[in-house]
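coords please:
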Amino acid sequence: MRYGRPAIWFSDIPVPSDSRSGQDPTTLADPMEVGLDHEWLVGQPRWRRLPDDSLQQDIQRGELSPPESWLSTTAQEGGKGWARQRLQPITPSILMPLAWSPLFLLLSAIPLILPDRLPADDQSVAALFFTLSWILILVPLYLARSAQPMSEGTLLSLPFDWVTFAGASAIFSLHIILSPILGWIAYALFWVAWFRSFRQIEQILQIPAARWLLPIDQSAWKSSSQLPSEWQVISERWTTGSIARVDCEYGHLAIAGASRGSDRFLALTLLDGAGFVHDPFSDEPVGKALATSLLSQPPVTDLGLEWPERLLVGDAQSNDISSTAGI
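Model prediction:
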């Protein structure tokens, strides 16, 4: 989530000259960047309420290693190869407000079942509770997705049953001129929309949030000659935005540019239909399917550069006050 982080002065952030060429791209800090450099890949222990030494684990619950055809490494090993960058889990920021949502949806009906028992207008109180019930779903989803690097999508692409919700809203508007019973039919449909939305959200939370990074020399990057033909090229040159994508059953795989200080990377991740970022190598059916199909081979043959030592867990350099920034 974006709120609750330390203030960052814009004067401390270097101004880019040409982001599309990879020369000092615009880099605004997010939750991954306010920690130490050596936590940029493995993540911060407080995210999962784990002790510091838990970061030493190469594979954590829900994660898989890439196929043997990949040259991969870890934050402990270093060297060359793709490395997993664990992103901040979105489950707590979504489930906590989601747990309160059905309570307010239930409370919205009480002033109408038991009228004239409140000091305020029954209709106003019911409308307030009803609005809160949906705000507690949509706003946390939107904020959690927006905080993820490489995420995409609009409000309507969130994991929410918009069809049932729109139908219930239409029926509810008719109860004023036709019959009050339509209002209760609409209320029942709103509960259907809530449960269907919950199921969609549940699927989003099953796959860990992560992406895979490869250090590269961005000046030599040319998408059309370095990516397989099935990838749709978005940017021919390296950029901190989207570079390429390829559709898959769960959504699409995306490659983008990423940076940390003066270092440049290719970033590979899985985006679902709602635009949330997921680890493409997860211990879920989608992760296992990708490992035997689209990701059975790495998307680029370039072995990349050596991983910077300051980004490795074993690095003892005092970078605690480093002002580096990344995407």
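
care to break the protein down by domain?
10-89+207-311, 91-204 (automatic domain parsing).

now, of those, which is deepest in the fold?
Of all the domains of the chain, domain 10-89+207-311 carries the top mean neighbour count, a mean of 18, counting by mean count of other Cβ atoms under 10 Å. Bear in mind the C-beta positions are built from the backbone N, C-alpha and C, glycine included.

for that domain, what does the pLDDT average out to?
For domain 10-89+207-311, the mean pLDDT works out to 82.

return the distance of it from the chain's centre.
13 Å (Cα atoms, centre = their mean, to the nearest Å).

same question, stretch 304-315
24 Å.

can I have stretch 217-234 written out in PDB, keeping just the CAs?
The C-alpha coordinates for stretch 217-234 follow below in PDB (Å, rounded to 0.1, in the frame of the first residue of the first chain):
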ATOM      1  CA  ASP A 217      23.100  -3.300 -20.600                       C
ATOM      2  CA  GLN A 218      20.100  -1.300 -21.800                       C
ATOM      3  CA  SER A 219      22.000   0.500 -24.500                       C
ATOM      4  CA  ALA A 220      22.300  -2.700 -26.500                       C
ATOM      5  CA  TRP A 221      18.700  -3.800 -26.100                       C
ATOM      6  CA  LYS A 222      16.600  -4.300 -29.200                       C
ATOM      7  CA  SER A 223      13.200  -6.000 -28.600                       C
ATOM      8  CA  SER A 224      12.500  -7.400 -32.100                       C
ATOM      9  CA  SER A 225      15.800  -9.200 -32.300                       C
ATOM     10  CA  GLN A 226      16.100 -10.400 -28.800                       C
ATOM     11  CA  LEU A 227      12.500 -11.700 -28.000                       C
ATOM     12  CA  PRO A 228      10.800 -14.800 -29.500                       C
ATOM     13  CA  SER A 229       8.300 -14.100 -32.300                       C
ATOM     14  CA  GLU A 230       5.200 -14.900 -30.100                       C
ATOM     15  CA  TRP A 231       5.900 -11.800 -28.000                       C
ATOM     16  CA  GLN A 232       4.100  -8.600 -29.000                       C
ATOM     17  CA  VAL A 233       6.700  -5.800 -29.000                       C
ATOM     18  CA  ILE A 234       5.500  -2.600 -27.300                       C
END
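
who's in contact with it?
By Cβ atoms under 8 Å, 6 or more residues apart in numbering, the residues outside stretch 217-234 that reach it are 21-22, 235-238, 241-246, 255, 257, 264, 266, 294, 299-302, 305.

one more: stretch 92-112?
Here stretch 92-112 has contacts from 1, 117-118, 122-123, 125-127, 129-130, 132-134, 136-137, 139-141, 143-144, 183, 187, 190-191, 194, 198, 201, 205, using Cβ under 8 Å, 6+ apart.

tell me which entries of those lie within helices.
Using DSSP state H, the subset of those located in helices is 122-123, 125-127, 129-130, 132-134, 136-137, 139-141, 143-144, 183, 187, 190-191, 194, 198, 201.

next up, the contacts around the closest residue to residue 158 other than its chain neighbours.
Spatial nearest neighbour of residue 158, excluding adjacent residues (Cβ to Cβ, 6 or more residues apart in numbering): residue 141 at 4.9 Å. The contact partners of residue 141, by Cβ under 8 Å, 6+ apart, come to 94, 158, 159, 160, 201.

and the two most separated of those?
94 and 160 (11.9 Å; Cβ to Cβ).

tell me which element residue 254 falls in.
Residue 254 belongs to strand 251-260 when assigned by DSSP states H and E.

and that strand, what does it pack against?
strand 242-247, strand 263-272 (3 or more Cβ pairs under 8 Å, 6 or more residues apart in numbering; DSSP states H and E).

residues in contact with the next helix or strand after the last one: which ones?
In this case it means strand 263-272. Sequence-wise, the next helix or strand downstream of strand 263-272 (DSSP H and E) is strand 277-278. Strand 277-278 has contacts (Cβ under 8 Å, 6+ apart) with 87, 148-151, 207-211, 250, 269-272, 286.

okay, residue 308 and residue 43: tell me how far apart.
Here the distance between residue 308 and residue 43 works out to 17 Å (Cβ to Cβ, to the nearest Å).

revised request: answer the last question for residue 188.
From residue 188 to residue 43 the distance is 42 Å (Cβ to Cβ).

centre of the chain versus stretch 169-177, how much separation?
The answer for stretch 169-177 is 36 Å, by Cα atoms, centre = their mean.

what do you get for stretch 190-199?
With Cα atoms, centre = their mean, you get 22 Å for stretch 190-199.

what sits up against the helix or strand where residue 166 lies?
Applying DSSP H and E as the criterion places residue 166 in helix 162-174. Contacts to helix 162-174, defined as Cβ under 8 Å, 6+ apart, come from residues 134, 156, 182, 183, 185, 186, 187, 189, 190, 192, 193, 196.
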